[in-house]
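here is a sequence with its predicted model. Questions after.
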Amino acid sequence: MIVGEQKPINEIKEMVASYKKLLILGCGTCVKTCFAGGEDEAAVLASALRLALRKEGRDPEIEVFTVERQCEDEFIQEAAPHVSKHEAVLSLACGAGVQAIARRFPDSPVLPGVNTTFIGVLEKQGYFTEECLGCGDCQLGIFGGVCPITRCSKKLLNGPCGGSIQGKCEVDQSIECGWQHIIDRLNRLGQIDNLRVYVPPKNWRSSHAGGPRKLIREDHMI
Ligand code: SF4
Ligand code: SF4
């Protein structure tokens, strides 16, 4: 899922300063799971914002509405009547959701209420880890399901750098060595011989290095 974090209230307050009618638009999927922008977070933010602005003598009209996903037009439509009643939208979606809303409502200012951080997993309650950089050419099968591009600080493809100490990365001791995980996992699977095959330098053309990407599924096009 996309992991994000709600922006600090002071930053949000500055962003919305010039609007008297504001819609806080939550998103009910990834940002809900990471407690950044779901229905509950949108409601709490609205209360906090009202209080903070009232202390400064401002009293804007703030409405809250949440759609299932801000990155899909089918759900975005539901927000249309709410967007039209307000001067601006504070979107609590990831960056893709914010842009989808801006595209769909070209005459409304759309502001980001969340800092999108990474593609990751919920490791345990309240603890999210980055797992994928979206490189566009997944090689997880070679590496026992552990991504060296994301989990190794040096993005090494042919084994560890040798600087790991007790399973921690030499770049930062608070990070687990991704290669330690790859080796442990391949040993467990009986696939350690995968590492005997040289992995050539990664071709980054399939990544964002080649500019914004598209995925076209003609079988799903109407
Ligand atoms: S190899 Fe690429 S697509 Fe696969 S997990 Fe790593 S970054 Fe993501
Ligand atoms: S210590 Fe491990 S994770 Fe860190 S750079 Fe070296 S191989 Fe990569």
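Sure thing, it's come through. Ligands and ions are numbered 1, 2, ... in the order given.

now Asp137: closest residue in space, sequence neighbours ignored.
Of all residues beyond its chain neighbours, the one nearest Asp137 is Ser206 (4.4 Å), with distances taken as Cβ to Cβ, 6 or more residues apart in numbering. Backbone N, C-alpha and C define where each C-beta goes, glycine included.

next, count neighbours for that neighbour.
Counted with other Cβ atoms under 10 Å, the burial measure for Ser206 works out to 14 neighbours.

can you check Lys55 too?
If we define neighbours as other Cβ under 10 Å, then Lys55 has 8 of them.

and it, how close does it get to Leu49?
From Lys55 over to Leu49 the distance is 11 Å, taken as Cβ to Cβ, to the nearest Å.

the residue nearest to Asp137 reaches Gly136, doesn't it?
Yes. Ser206 sits in contact with Gly136 when judged by Cβ atoms under 8 Å, with a separation of 3.2 Å.

shared neighbours of those two, which are they?
Listed contacts common to Ser206 and Gly136 are Arg213; contacts here mean Cβ atoms under 8 Å, 6 or more residues apart in numbering.

and the longest strand anywhere in the chain, what does it pack onto?
When the chain is parsed with DSSP state E, its longest strand is strand 114-124. If you count contacts as 3 or more Cβ pairs under 8 Å, 6 or more residues apart in numbering; DSSP states H and E, strand 114-124 packs onto strand 2-6, helix 95-104, strand 127-132.

make it 10 Å
In terms of contacts (3 or more Cβ pairs under 10 Å, 6 or more residues apart in numbering; DSSP states H and E), strand 114-124 is packed against strand 2-6, helix 30-33, helix 95-104, strand 127-132, helix 148-151.

give me every residue in this structure lying close to ligand 1.
The chain has residues Cys132, Leu133, Gly134, Cys135, Cys138, Gln139, Leu140, Cys147, Ile149, Thr150 near ligand 1, with proximity defined as Cβ under 6 Å from any ligand atom.
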